[in-house]
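quick one: sequence plus predicted model below, questions after.
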Amino acid sequence: MKDFLTQIKIGLEQNLYFLSLFAALTIPDICSAMESEDGLTTGNKYKNWFDKYMVKNEPEKYGTGKNFTSDDCWNFRCAILHQGRSNHEKSDYKRILFIEPPNLHGIGSIHACIVGAYTEEKSLLINVEKFCFDIIKSANEWMRENENSDIYKKNYQNLIKRYPKGIKPVLGCSVIG
């Protein structure tokens with residue numbers, strides 16, 4: 001899990017915003033599955049994780065009554081990961097747009113703001129770096145709280161991992177599996 005979070009951060013440093021965003025959007029899925037008795041996640045578990053960790057860490061940015069709720073994140077995650085779209089039929093926004101740094105238009109310092117609020121083009125702008133770092137921060141807190149639990153330890157056995165030195169005696173080169 002730590003390798004995965006580190007690679008999201010490295011992706012941001014290398015301007016690989018698609019990869020970092022896609023990976024960040026899967027973190028609530030992975031964490032909620034890791035703390036589930038059956039090792040599986042659902043939309044409700046995803047949203048509960050988001051509400052518990054993202055809202056707790058950044059209450060001025062996320063949650064009910066804010067611009068980006070757990071429902072917004074879940075809907076966006078479904079649209080982007082499954083259809084490659086920035087909009088979802090259940091969204092209050094025509095689209096959700098992630099701002100890449102550096103932004104020369106003076107809006108790089110914002111985290112999330114609505115544009116075209118009273119039009120058909122109502123869209124949400126989110127700073128991609130800040131969002132990904134908020135996910136990383138939340139996942140690190142989640143790990144501190146859960147990594148010693150029996151459920152986590154049981155599910156960790158099935159978690160995809162990176163093996164930089166391979167898996168002996170099967171393979172001696174770096175693998176992910």
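Perfect, thanks for sending it.

other SSEs contacting the one helix or strand in the chain whose mean pLDDT sits lowest?
Sorting the helices and strands of the chain by mean pLDDT, DSSP states H and E puts strand 112-115 at the bottom, at a mean of 71. Strand 112-115 sits against strand 123-127, with contacts defined as 3 or more C-beta pairs under 8 Å, 6 or more residues apart in numbering; DSSP states H and E. Just so you know, the C-beta spots here come from the backbone N, C-alpha and C atoms, and that holds for glycine as well.

before we move on, back to that, strand partners (parallel or antiparallel) of the least confident helix or strand of the chain?
Applying DSSP bridges, strand 112-115 is found paired with strand 123-127 (antiparallel).

please save the CA atoms from the partner strand in PDB.
The C-alpha trace of strand 123-127 is given here as PDB (Å, rounded to 0.1, in the frame of the first residue of the first chain):
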ATOM      1  CA  SER A 123     -18.800  22.600 -13.400                       C
ATOM      2  CA  LEU A 124     -16.600  21.900 -10.500                       C
ATOM      3  CA  LEU A 125     -12.900  22.700 -10.600                       C
ATOM      4  CA  ILE A 126     -10.500  20.800  -8.300                       C
ATOM      5  CA  ASN A 127      -6.800  21.100  -7.900                       C
END
